[in-house]
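Trainee: Build me a structure from this.
(one chain, ligands or ions: 3)
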Amino acid sequence: MTQFDTVVRGGNVVTPSGSYVGDIGIKGERIAALGDNLDTAGAKVIDASGHHVIPGVLDVHVHLELPFCGTVSADDYISGTRAAARGGVTTVIDFAIPSADGTLAEAADTWMRKAEGKSLIDYTFHICITRYNEHKDQIAGMVERGFTTFKEFMIYESEGWQSDDRAMFGTLERMKEHGAMLLVHAESSRVLDELIARNHTPELMKQHGAVLHAITRPNFIEAEAIQRAVQWSEATGGQLYIVHMSTAEGSEIIKSAQSRGVPVLAETCVQYLVLDDSVFASEDGHLYACCPQLKKPADSARLWKGLKSGEVSVISTDTCTFTREQKAMWEGDWTKIPMGMPGLETLMPLTYTKGVLEGKLTLEEMCMKLSTNPARIMGLEHRKGAIRVGGDADLAIIHPTRTHTIDPKELETNADWSPYNGWELAGFARTTLSRGEVIVDDYRVTGKAGRGQWLKRTRAGA
Ligand code: URP
Ligand code: ZN
Ligand code: ZN
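Mentor: Ligands and ions are numbered 1, 2, ... in the order given. Take a look at the predicted model:
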């Protein structure tokens, strides 16, 4: 009998207790041994010499095939998870959003159907609470079913998704009761409505175009909303997680709340680290519109600092892909732009190139923010997020310096444009393994759609 099915040999292996040059032995779907000169008799050997071997990335904020802004986002579970795998992502968490009169369970069933038979990698969902009064008594049942993270949006009234303070307060109380966690999209809707109304004139739209997206969302729109959500977390003791935080002010609020023991965590997205709102002035500025919108270089610098010092725990993407044709629906009115950008394929390459290679994060810190923290916070650490014996053999093997030039035609995403067009990025996965199976080989996707599995969870939070 062979000791291992696969041995990943001679790479720089990043583990929670430090990095070493050596081997990883895989038996079935799990990591069976970490060491040096492991027995390769009868095993498939993957040469990782001269490469980093890092834990598979968890992108815990994606929207695949999302009906939104009058259209449906262009990456589904086939293209989206192929893109993910190429970037070393081995787990995604999407958001199941109830229909106009739907229950939480129906939302979960709908999203399960989107993923089943299509997903190349493992997945689960945050469950969105859009009508608190109806949904509040369904929370316990969803936790029992293995969904331990919930989400409320402080904006998107026109989509029928918006939650108020009463909903956040009551949901956070229930999160405490169930050992679950509430994710919040924090933007201050009423003041935002007012700023949009003031600027929504033919003259101003002609004058500013997509720049109005930035003009109508000053930093206080996010800061006030984060402050309010933090207040409800502090009052209830319910675990809160701020999604896609984009401002320096937000980072300060989180840091201060954490220092007084409020159970709040924060995520940023890689686009807030590497892009800024100057893009809106370009001819294609509308393509970059997402909520919250891109901010200033000083915000990016503060978010990098927050990653280093700890108040920002996770980097995700908020992938919500729209093609050029879909984005053209705006016809000069920024309020009609389908909001969101592609991201899964470039999450790790961007973080590696702009973070690790430019000295803002160590390789180990990158793995913490892309894999270990998201797995722990989302209740998946028993299987995902770290290279350790007993864990799922989800691995990405990356060359330390070899770059690829971003060209939308070469990418797996269904987007026909990229915010990073022409950028030279290192960190694409030469090889990706998901539960011991090679799904990306020599930078090309080789795994089959539908092999990904739903991940059951029993808890969430810090
Ligand atoms: O622009 C974005 N972020 N689109 C997806 C929906 C959301 O707010 O996360
Ligand atoms: Zn959001
Ligand atoms: Zn989102």
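Trainee: Show me which residues of the chain are close to ligand 1?
Mentor: Contacts of the chain with ligand 1, taken as Cβ under 6 Å from any ligand atom, map to His63, His185, Cys290, Cys291, Asp318, Cys320, Met339, Gly340. C-beta: built from backbone N, CA, C; applies to glycine.
Trainee: Redo the residues you listed as CSV? Include distance to Ala257 and secondary structure.
Mentor: As requested, these are exported to CSV (distance: Cβ to Cβ, whole Å; DSSP: H, G, I helix; E, B strand; the rest coil):
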residue, distance to Ala257, secondary structure
His63, 27, coil
His185, 17, strand
Cys290, 25, coil
Cys291, 23, coil
Asp318, 22, coil
Cys320, 27, coil
Met339, 27, coil
Gly340, 28, coil
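Trainee: Show the subsequent helix or strand relative to the longest helix seen in the chain.
Mentor: For the chain, the helix reaching the highest residue count under DSSP state H is reported as helix 219-236. Next helix or strand after helix 219-236 toward the C-terminus (DSSP states H and E): strand 240-242.
Trainee: Now do that following strand: everything it contacts.
Mentor: 149, 172, 175, 181-184, 186, 226, 229-230, 232-233, 250, 254, 262-267, 377 (Cβ atoms under 8 Å, 6 or more residues apart in numbering).
Trainee: Each with direction, which strands does it pair with?
Mentor: If you go by DSSP bridges, strand 240-242 pairs up with strand 181-185 (parallel), strand 264-269 (parallel).
Trainee: what's the angle between the last one and helix 219-236?
Mentor: Angle between the axes of strand 264-269 and helix 219-236 is 150 degrees (criterion: axes from the mean of the first three to the mean of the last three Cα atoms, to 10 degrees).
Trainee: A strand includes Asp101, no?
Mentor: No - with DSSP: H, G, I helix; E, B strand; the rest coil as the criterion, Asp101 is coil rather than part of a strand.
Trainee: Endpoints of stretch 238-246, how far apart?
Mentor: 23 Å (Cα to Cα, to the nearest Å).
Trainee: meant to ask about stretch 424-431, not that
Mentor: 19 Å.
Trainee: May I see the buried residues of it?
Mentor: Judged by neighbour count (16 or more other Cβ atoms under 10 Å), stretch 424-431 contains these buried residues: Leu425, Ala426, Gly427, Phe428, Ala429, Arg430, Thr431.
Trainee: wait, which of those residues is closest to ligand 1?
Mentor: Ranked by distance to ligand 1 (Cβ to the nearest ligand atom), the buried residues of stretch 424-431 are led by Leu425 at 22.1 Å.
Trainee: Go ahead and list the helix or strand containing Ala85.
Mentor: helix 77-86.
Trainee: what's that helix packed up against?
Mentor: strand 57-62, strand 89-96, strand 429-434, strand 437-441, strand 444-445 (3 or more Cβ pairs under 8 Å, 6 or more residues apart in numbering; DSSP states H and E).
Trainee: Turn those strands into a markdown table, including mean pLDDT.
Mentor: Output for the helices and strands packed on helix 77-86, formatted as a markdown table (pLDDT from 0 to 100):
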| stretch | mean pLDDT |
| --- | --- |
| strand 57-62 | 99 |
| strand 89-96 | 99 |
| strand 429-434 | 98 |
| strand 437-441 | 98 |
| strand 444-445 | 98 |
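Trainee: Out of these, which one sits most buried?
Mentor: strand 57-62 (a mean of 29; mean count of other Cβ atoms under 10 Å).
Trainee: just the angle between it and strand 89-96, please?
Mentor: Using the same axes, to 10 degrees: strand 57-62 against strand 89-96 is 10 degrees.
Trainee: which stretches of the stretch 301-450 of the chain form strands?
Mentor: Ranges of strands in the stretch 301-450 of the chain, per DSSP state E, counting those that start in this stretch, are 314-316, 395-398, 403-405, 424-426, 429-434, 437-441, 444-445.
Trainee: of all those, which lies closest to Ser99?
Mentor: Proximity to Ser99, assessed across the strands of the stretch 301-450 of the chain by Cβ to Cβ, is greatest for strand 314-316 (24.9 Å).
Trainee: Not counting its neighbours along the chain, what's nearest the residue in the stretch 101-250 of the chain that ligand 1 sits nearest to?
Mentor: Residue nearest to ligand 1 within the stretch 101-250 of the chain (Cβ to the nearest ligand atom): His185, separated by 5.1 Å. Excluding its sequence neighbours, the residue lying closest to His185 (Cβ to Cβ, 6 or more residues apart in numbering) is Phe153, at 4.4 Å.
Trainee: got the contact list for the one you found?
Mentor: Phe153 neighbours (Cβ under 8 Å, 6+ apart): Cys128, Thr130, Trp161, Gln162, Ser163, Val184, His185.
Trainee: State the phi and psi torsions of it.
Mentor: For Phe153, the backbone dihedrals (degrees, to the nearest 10) come out as phi -100, psi 130.
Trainee: pLDDT on stretch 117-130, on average?
Mentor: Stretch 117-130 carries an average pLDDT of 98.
Trainee: end-to-end on that stretch?
Mentor: End-to-end distance (Cα to Cα), stretch 117-130: 28 Å.
Trainee: and it, how far out from the chain's middle?
Mentor: 12 Å (Cα atoms, centre = their mean, to the nearest Å).
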